[in-house]
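S.K.: predicted coordinates and the sequence they were generated for:
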Amino acid sequence: MKKKLLPAFIFIGILITFLFSAVTVKAQLDSAVTDNPVRPPSPSWVDHAVFYEIYPQTFYDSNGDGVGDLKGIIMKLDYLRSVGVNALWLNPFYESPFRDAGYDVSDYYKVAKRYGTNDDAKELFAEAHKRGFHIIIDYVPGHTSIDHPWFQASASGVKNKYSNWYIWTNGTWDYYDKCKFNFIQGYGERDADYLPNFFWHQPALNYGFANPDPKQPWQLSVNNPDVMALKAEMQNVMKFWLDMGCDGFRVDMAGSLVKEDSTGECGKYWQTIRTMLNKEYPEAFMVSEWSDPKSAIPAGFNADFFHWFKGFDDLFTYFDPSGKGDLSHFMSIYIDQYNAVKDKGYVAITMANHDLPRLRQNGREPKDVEIILAFEMCMPGVPFIYYGDEIGMKQLYGLPAIEGSYGSRAGGRTPMQWDNSKNDGFSTAPAAQLYRAVDTSADAPNVAAEEKQANSLLQHVKKLVALRENEPALSSYAGFNEIYLEQQKYPFVFLRSMRKQRILVALNPSPEETKIDFTLKYKSKKPVSLAGDGVLSKKVNNYSLTLPGRSYGIYRVDAVN
């Protein structure tokens with residue numbers, strides 16, 4: 001039988017598809033490998049720290065009231081240790097009216113009743129330390145709730161100790177800079193308007209103005225006695241929890257304390273805090289929500305969360321399975337910040353937390369989440385895993401706002417999925433009583449199932465975390481060199497190094513197979529695959545890497561002694 005020839009246009013289409021599905025590029029390491037990176041002045045336990053963020057109200061309910069609590073966290077510490085994480089970040093557990101999920105504090109010195117007691121917090125710190133964890137807790141210094149006794153006293157018509165602990169205008173009908181500052185009018189008996197720091201019910205604590213207007217006496221200087229009294233009290237709050245047993249803080253809105261700060265007064269304030277910590281609590285770790293490491297690290301923070309800036313969305317797009325992303329813009333911003341602070345502190349890239357959507361969204365599947373976590377585990381700085389992302393919990397949609405969880409926040413704060421029992425194993429309470437409804441879909445992942453599956457996302461995450469903890473070249477401050485990064489192209493390839501130990505990381509979130517040839521200008525041993533699906537071969541100093549679509553590879557490429 002005579003074979004039929006493919007029409008020319010079909011043949012050309014197949015050829016083009018093949019060529020674009022296996023693109024070969026050439027690159028080389030032009031810059032010198034950082035063999036002896038400078039270790040920033042941070043606690044030694046941070047060198048291989050992998051943090052796990054816990055949103056207390058949706059992690060585990062120990063008493064069946066529908067809300068997660070501190071005892072529930074204690075009960076799950078052994079699970080967390082099995083994942084391999086060695087540090088925990090707890091969102092606020094202070095007394096609060098919970099209009100903003102606890103970021104509206106009404107008593108800095110007391111655990112909210114729904115979470116337990118101060119003794120429970122002390123037990124949590126102790127039990128965590130027994131298992132080798134360090135714990136940082138959210139510190140919210142910029143504002144309180146309107147229910148806080150300090151604010152209630154400040155709102156009084158009679159002048160008192162707390163009158164200037166918040167920012168109030170001269171009078172209710174004083175319209176000076178109303179549009180500029182967005183004051184809240186008509187609260188309480190005080191003839192004045194207060195300045196909120198976020199939501200209307202979160203009045204800004206008064207750390208002063210960098211350049212107060214002498215025509216507006218309500219604008220106090222950063223050295224005003226009342227401002228200094230507030231600062232001293234907020235420092236006491238930190239000492240209270242450090243003495244209780246926590247190991248540091250994630251500082252909410254850290255760069256927003258001093259108003260109209262064009263002279264760096266906020267940074268100077270945090271430097272005084274760092275001086276105190278170095279003297280009294282030298283092992284305390286501080287990470288800021290500033291999104292400007294160049295400002296946060298010199299101010300005394302060990303690390304800064306790097307996400308609230310133009311260009312961060314490019315990182316999300318790059319890791320979408322569409323294969324249409326471009327990482328070059330994000331990395332140009334990142335490299336600028338990284339080079340400025342790498343010997344002083346850390347840039348913490350976090351792609352998911354209580355304020356951001358979950359990793360598993362926009363069509364991403366567990367394998368895509370694995371690639372993202374490989375990126376986070378292998379980049380310089382300090383990685384943070386958001387609870388549930390290790391099993392691929394999904395971002396849910398169309399959920400009502402609860403306690404300030406507007407928009408995407410609602411769908412990223414659902415209860416942890418422990419097993420396939422009632423309420424996904426989160427709580428024994430009736431479903432209607434839960435803090436937030438659980439994911440009821442048939443394919444909702446859970447811990448118990450993934451612990452039994454050899455090839456589950458959870459098992460892969462455990463392997464990635466173990467690499468981060470055990471490999472010197474993946475430590476927080478190990479050297480970093482880009483190998484391949486081009487606009488609108490895949491893969492992203494980089495090298496981490498510590499002395500002669502070197503690890504190559506290649507990421508291809510796109511759906512197409514990618515090939516890359518590159519040269520490392522040093523004598524190296526035969527590459528060893530540590531994780532992922534790619535194939536790396538070597539001839540002299542020339543390497544050839546093939547990555548299937550939606551895959552990554554992590555390889556040891558140690559230098560020859």
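M.R.: Great, that's in hand. Predicted model only: the values in this text are computed from it and were never measured.

S.K.: looking at this structure, which helix or strand is least sure?
M.R.: helix 8-21 (a mean of 41; mean pLDDT, DSSP states H and E).

S.K.: just to check, residue 316 is in contact with residue 351?
M.R.: Yes: in this structure, residue 316 is within contact of residue 351 by C-beta atoms under 8 Å, at 7.0 Å. (Glycine included, C-beta is placed from N, CA and C.)

S.K.: count of neighbours near the closest residue to residue 325 other than its chain neighbours?
M.R.: Nearest residue to residue 325, sequence neighbours excluded (C-beta to C-beta, 6 or more residues apart in numbering): residue 318, at 3.4 Å. Residues lying near residue 318 (other C-beta atoms under 10 Å) number 24.

S.K.: ok, the residue lying closest to residue 358 once chain neighbours are set aside to residue 369 distance?
M.R.: Closest residue to residue 358 apart from its sequence neighbours, by C-beta to C-beta, 6+ apart: residue 395 at 4.1 Å. Shown here: residue 395 relative to residue 369, a distance of 11 Å by C-beta to C-beta, to the nearest Å.

S.K.: who's more crowded, these two?
M.R.: Shown here are residue 395 and residue 369; by other C-beta under 10 Å, residue 369 has more neighbours (26 against 19).

S.K.: and the more buried one, that's in a helix?
M.R.: Yes: under DSSP: H, G, I helix; E, B strand; the rest coil, residue 369 sits within a helix.

S.K.: phi, psi of the residue nearest to it when sequence neighbours are not counted?
M.R.: Leaving out its chain neighbours, the residue that sits closest to residue 369 by C-beta to C-beta, 6+ apart is residue 359, at 4.6 Å. The phi and psi values for residue 359, taken as degrees, to the nearest 10, are phi -60, psi -40.

S.K.: ok, now which ones touch residue 359?
M.R.: Taking C-beta atoms under 8 Å, 6 or more residues apart in numbering, we find residue 359 in contact with 351-352, 368-369, 372-373, 386, 389, 392.

S.K.: next: residue 135.
M.R.: 87-90, 124-125, 128, 245-247.

S.K.: if we go to 6 Å?
M.R.: Shown in contact with residue 135 (C-beta atoms under 6 Å, 6 or more residues apart in numbering): 88, 125, 128, 246-247.

S.K.: how is this structure carved up into domains?
M.R.: 15-38+481-556, 44-145+225-469 (automatic domain parsing).

S.K.: what's the most buried one of those domains?
M.R.: domain 44-145+225-469 (a mean of 19; mean count of other C-beta atoms under 10 Å).

S.K.: so where's the stretch 101-250 of the chain uncertain?
M.R.: 175-179 (pLDDT under 70).

S.K.: which parts of it are helices?
M.R.: 118-130, 149-154, 178-181, 225-244 (DSSP state H, counting those that start in this stretch).

S.K.: between these, which gets nearest to residue 496?
M.R.: The minimum distance between residue 496 and the helices of the stretch 101-250 of the chain falls on helix 118-130, with 28.4 Å, by C-beta to C-beta.

S.K.: what does that closest one contact?
M.R.: 70-71, 73-74, 77, 111, 135, 244-246.

S.K.: ok, 7 Å please
M.R.: 70-71, 73-74, 77, 88, 93, 110-111, 135, 244-246 (C-beta atoms under 7 Å, 6 or more residues apart in numbering).

S.K.: do stretch 361-368 as well
M.R.: Against stretch 361-368 from outside (C-beta under 7 Å, 6+ apart): 319-321, 392, 395, 457, 509, 550.

S.K.: what residue is smack in the middle of the protein?
M.R.: residue 350 (3.7 Å; C-alpha atoms, centre = their mean).

S.K.: ok, that residue touching residue 305?
M.R.: Yes: under the criterion of C-beta atoms under 7 Å, residue 350 makes contact with residue 305 at 5.8 Å.

S.K.: in the stretch 151-300 of the chain, which spans are strands?
M.R.: 248-251, 285-288 (DSSP state E, counting those that start in this stretch).

S.K.: adding distance to residue 378, write those out as JSON lines.
M.R.: Output for these, formatted as JSON lines (distance: least, C-beta to C-beta, whole Å):
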{"stretch": "strand 248-251", "distance to residue 378": "22"}
{"stretch": "strand 285-288", "distance to residue 378": "19"}
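
S.K.: so which of those is nearest residue 440?
M.R.: The closest of the strands of the stretch 151-300 of the chain to residue 440 is strand 248-251. By C-beta to C-beta, the value is 31.5 Å.

S.K.: just checking: what are the partner strands of that closest one?
M.R.: Applying DSSP bridges, strand 248-251 is found paired with strand 134-139 (parallel), strand 285-288 (parallel).

S.K.: now the ones you listed as TSV including distance to residue 339?
M.R.: Formatted as TSV, the strands paired with strand 248-251 follow (distance: least, C-beta to C-beta, whole Å):
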stretch	distance to residue 339
strand 134-139	26
strand 285-288	19
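
S.K.: out of those, nearest to residue 239?
M.R.: That would be strand 134-139 among those, by C-beta to C-beta, at 11.6 Å.

S.K.: quickly note the distance from residue 359 to residue 331.
M.R.: From residue 359 to residue 331 the distance is 19 Å (C-beta to C-beta).

S.K.: please apply the same query to residue 407.
M.R.: 27 Å.

S.K.: residue 344 too?
M.R.: Taking C-beta to C-beta, one finds residue 344 at 20 Å from residue 331.

S.K.: could you do residue 131 as well?
M.R.: 36 Å.

S.K.: ok, now residue 56?
M.R.: 34 Å.

S.K.: list the residues that contact residue 69.
M.R.: Contacts of residue 69 (C-beta under 7 Å, 6+ apart): 56, 61-63, 114-116.

S.K.: show me where the stretch 1-150 of the chain has strands.
M.R.: Using DSSP E, counting those that start in this stretch, strands in the stretch 1-150 of the chain cover 23-28, 51-54, 87-90, 94-95, 107-111, 134-139.

S.K.: what are the contacting residues of the fourth one?
M.R.: Looking back up the chat, that one is strand 94-95. If you take C-beta under 7 Å, 6+ apart as the criterion, strand 94-95 is touched by 102, 105-108, 110-112.

S.K.: out of those, which is nearest to residue 487?
M.R.: residue 102 (41.9 Å).

S.K.: find the nearest non-adjacent residue to the closest one, please.
M.R.: Of all residues not flanking residue 102 in the chain, residue 92 sits nearest, at 3.5 Å (C-beta to C-beta, 6+ apart).

S.K.: I'd assumed residue 139 was in contact with that neighbour.
M.R.: No: judged on C-beta under 7 Å, residue 92 makes no contact with residue 139 at a distance of 8.6 Å.

S.K.: check contacts around the closest residue to residue 168 other than its chain neighbours.
M.R.: Nearest non-adjacent residue to residue 168, counting by C-beta to C-beta, 6+ apart: residue 192, 3.9 Å away. Residues in contact with residue 192, defined by C-beta under 7 Å, 6+ apart, are 168-172.

S.K.: over to residue 93?
M.R.: Residue 93 makes contacts with 56, 70, 102, 111-112, 115, 121, as judged by C-beta under 7 Å, 6+ apart.

S.K.: mind putting those into CSV with distance to residue 326?
M.R.: Below are those laid out as CSV (distance: C-beta to C-beta, whole Å):
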residue, distance to residue 326
56, 37
70, 43
102, 37
111, 45
112, 44
115, 43
121, 44
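
S.K.: now the terminal residues of stretch 424-432, how far apart.
M.R.: Distance across stretch 424-432, first residue to last, is 14 Å (C-alpha to C-alpha, to the nearest Å).

S.K.: need the contact partners of that stretch.
M.R.: Contacts for stretch 424-432 (C-beta under 7 Å, 6+ apart): 60-61, 64-66, 415-419, 422-423, 434, 437-439, 444, 446.

S.K.: what separates residue 161 from residue 546, distance-wise?
M.R.: Taken as C-beta to C-beta, the span from residue 161 to residue 546 is 69 Å.

S.K.: again with residue 333
M.R.: Going from residue 333 to residue 546 by C-beta to C-beta gives 30 Å.
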